[in-house]
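Student: take this sequence and fold it.
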Amino acid sequence: MDEKIFEISFGIIGYAGDARRIAREALDEAKKGDYEKARSFFKKASETLNKAHKFQTELIQLEATGEKIEMSIVLVHSQDHLMTTMNFLQLSKEFIDMYEFISKKLDY
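Tutor: Numbers count the residues shown, from 1 in each chain. Predicted structure coming up:
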C-alpha cells in the first residue's frame, strides 16, 4: 500500500475514533442532565469528525487528479469507521435532544 494512502487511512481512523469517543461522553452528560456540557462535547466531537472528513477529502482529491488508489483492508476500514461515526453523531444529537425534551416534560 502506498505510504500516503496508509497515512490518510489512519488519519481518518484516528479522528473518527476520537469523535465517536467524545460523542459517547456527550451522551453520558445528557443522561446526567447536563445538557450544556453534552452540547459542548457534541460540538467538540463534530469538530474532530471534520478533521477525519478532511483526510477523506484529501483521498478523493488524489483520485480526482488521476492518482491510482489501491484498495486495502485498512482503507476500507477507514471509510467504514468514518461512516459509522457520522451516523453515530447524528443519532447522538437526536438522543441529547430527546433526553432534554423528556426531562422537561417530566418536570410538569
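
Student: going forward, measure contacts between C-alpha atoms and count neighbours the same way
Tutor: OK.

Student: look up phi and psi at residue 67.
Tutor: The phi and psi values for residue 67, taken as degrees, to the nearest 10, are phi -70, psi 130.

Student: what residues are up against it?
Tutor: Residue 67 makes no contacts at all, as judged by CA atoms under 8 Å, 6 or more residues apart in numbering.

Student: distance of it relative to residue 58?
Tutor: Going from residue 67 to residue 58 by CA to CA, to the nearest Å gives 12 Å.

Student: which one's the longest helix in this protein?
Tutor: Ranked by residue count, the top helix of the chain under DSSP state H comes out as helix 73-106.

Student: for the chain, give me the ranges with low pLDDT.
Tutor: Scanning the chain for pLDDT under 70 picks out 1, 108.

Student: my read is that residue 75 contacts residue 7, right?
Tutor: No - in this structure, residue 75 is not within contact of residue 7 by CA atoms under 8 Å, at 9.8 Å.

Student: give me phi/psi at residue 52?
Tutor: According to degrees, to the nearest 10, residue 52 has phi -60, psi -40.

Student: spatially nearest residue to it (excluding sequence neighbours)?
Tutor: residue 12 (4.4 Å; CA to CA, 6 or more residues apart in numbering).

Student: re the thing from before, which strands and helices sit next to the longest helix of the chain?
Tutor: Here helix 73-106 touches helix 3-32, helix 35-64, going by 3 or more CA pairs under 8 Å, 6 or more residues apart in numbering; DSSP states H and E.

Student: okay, those helices, which one's buried deepest?
Tutor: Highest mean neighbour count among these (mean count of other CA atoms under 10 Å): helix 3-32, with a mean of 20.

Student: tell me what angle it forms with helix 35-64.
Tutor: 160 degrees (axes from the mean of the first three to the mean of the last three CA atoms, to 10 degrees).

Student: before we move on, back to that, export the helices and strands packed on helix 73-106 to TSV and tack on distance to residue 71?
Tutor: Listed next are the helices and strands packed on helix 73-106 as TSV, based on distance: least, CA to CA, whole Å:
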stretch	distance to residue 71
helix 3-32	9
helix 35-64	12
